[in-house]
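1. quick one, structure for this:
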Amino acid sequence: MPYLSNDLSFYVARPAISLGPFSSGWENKIDIGKDLKKLCSEFESIFLTSLLRQMQDTFPGSDLLGNGMEGKIIKWLWTQTLSQKIAEGGGIGLGKMLYKELSKMDKTHSNHSQEV
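-> This next block holds a predicted model:
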């Protein structure tokens, strides 16, 4: 009987079947700890970008950068860079929290896989 749970581990991508000698070996190429940290930091950066853009929309327009395409591109690049720097510097803790929770889920999934 498959393991059923209410946690989010259901949504974590896992290979459905073992392909044996036809397997691409991707599971051996991924360093879960390093890659997961990077992905969580990138997710936090994307979240912060969205948050900063929503905040910018609440301010009235400025003629400093102009309201044309150039001004929009400069604002977009500034927001993107700012959110990346915030996330790299520790951010708001979202990336760390995601990493902690997803690491727990990976360990739980590994334990249940070994039991089967």
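
2. could you list the low-pLDDT ranges of the chain?
-> For the chain, applying pLDDT under 70 flags the ranges 1-33, 61-66, 106, 108-116.

3. repeat that for 50
-> 1-6, 8-19 (pLDDT under 50).

4. could you pull out the strands in this structure for me?
-> Ranges of strands within the chain: none, based on DSSP state E.

5. how about the helices of it, start to end?
-> Here the chain has its helices, by DSSP state H, at 26-29, 32-57, 69-88, 94-115.

6. and the longest one, what does it pack onto?
-> Judged by 3 or more CB pairs under 8 Å, 6 or more residues apart in numbering; DSSP states H and E, helix 32-57 is in contact with helix 69-88, helix 94-115. For the C-beta atoms, the positions are set from N, CA and C on the backbone; glycine is no exception.

7. can you redo the ones you listed as JSON lines with mean neighbour count and distance to residue 56?
-> Shown next, in JSON lines, are the helices and strands packed on helix 32-57 (neighbours: other CB atoms under 10 Å; distance: least, CB to CB, whole Å):
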{"stretch": "helix 69-88", "mean neighbour count": "14", "distance to residue 56": "7"}
{"stretch": "helix 94-115", "mean neighbour count": "14", "distance to residue 56": "20"}
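
8. tabulate those helices (CSV), appending distance to residue 45.
-> Formatted as CSV, the helices and strands packed on helix 32-57 follow (distance: least, CB to CB, whole Å):
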stretch, distance to residue 45
helix 69-88, 4
helix 94-115, 8
